[in-house]
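Engineer: Fold the following and give me the result.
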Amino acid sequence: MNKKFLTNKAIGSKYYRKAKARAEEYLHSPKKLEALLKDAKEKASSRQGLRGEIWNNLAACIRLLQAYMRGEYHTVPWKSLVLIVGSIIYFVMPMDVMPDFIAGIGFIDDAGLIAWTIQTIASDIDAFIQWEESRQAGSSDDSPANS
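Structural biologist: Model (predicted):
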C-alpha cells in the first residue's frame, strides 16, 4: 500500500479525530500524559521501523511534552501540543486505520501520521530543540570545571 495514501487516510480518520479530541484531556492531566508518554516510548522502542529521523523527532516531541508538563517550556502553541498528543495517542492505539497486529504494514499509518505531525509543526520542534541545546550549553558553563 502507498504510504502517502495511508497517511492521508489516517489524518482524515475517525481514529485520529478521536485521538485529537482526547488530547486536551491528556494535556490537563499530568498522570495521564506521563502514562501515555511511557506507552509511546515502549511501543517506539519495540518497533524496528521507527528509527532515524522519525524516532529522533518523536523523542523530541516526548521531551517537549515532558518539559511542558514540568513547567519548564511554554513557548509552544496549544494547537501544536494538541497535534503532538493526538498523534501520540493514535500511535499508541492498537486499532486504527491499519491495526497494529497486521504484520508488516500495521505500523505504516502510525509512522506516516507522526511524520506528518512533525512536518506540520517543524518550527515548534526546532525552537524546542534550540531551547534544549541552549539549556544544556548553559548548564555545562555552570559546571565546577568551568568555575
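Engineer: Residue 91: helix or strand, and which one exactly?
Structural biologist: helix 78-92 (DSSP states H and E).
Engineer: next SSE after that helix?
Structural biologist: helix 108-120.
Engineer: Can you pull the poorly scored residue ranges out of this protein?
Structural biologist: 1-8, 47-52, 95-107, 140-147 (pLDDT under 70).
Engineer: Could you figure out how far the top helix by length along the chain is turned away from helix 78-92?
Structural biologist: Of all segments of type helix in the chain, defined using DSSP state H, the longest is helix 122-141. Orientation check (axes from the mean of the first three to the mean of the last three Cα atoms, to 10 degrees): helix 122-141 against helix 78-92 gives 90 degrees.
Engineer: follow-up on the earlier one: distance from the chain centre to the helix holding residue 91, please.
Structural biologist: With Cα atoms, centre = their mean, to the nearest Å as the basis, helix 78-92 stands 6 Å off its chain's centre.
Engineer: can you check stretch 24-33 too?
Structural biologist: Here stretch 24-33 shows a centroid-to-chain-centroid distance of 14 Å under the convention Cα atoms, centre = their mean.
Engineer: please begin residue numbering at 8 from this point
Structural biologist: Shifting the count to begin at 8 puts that one at stretch 31-40.
Engineer: now the end-to-end length of it.
Structural biologist: Start-to-end span of stretch 31-40 (Cα to Cα, to the nearest Å) is 10 Å.
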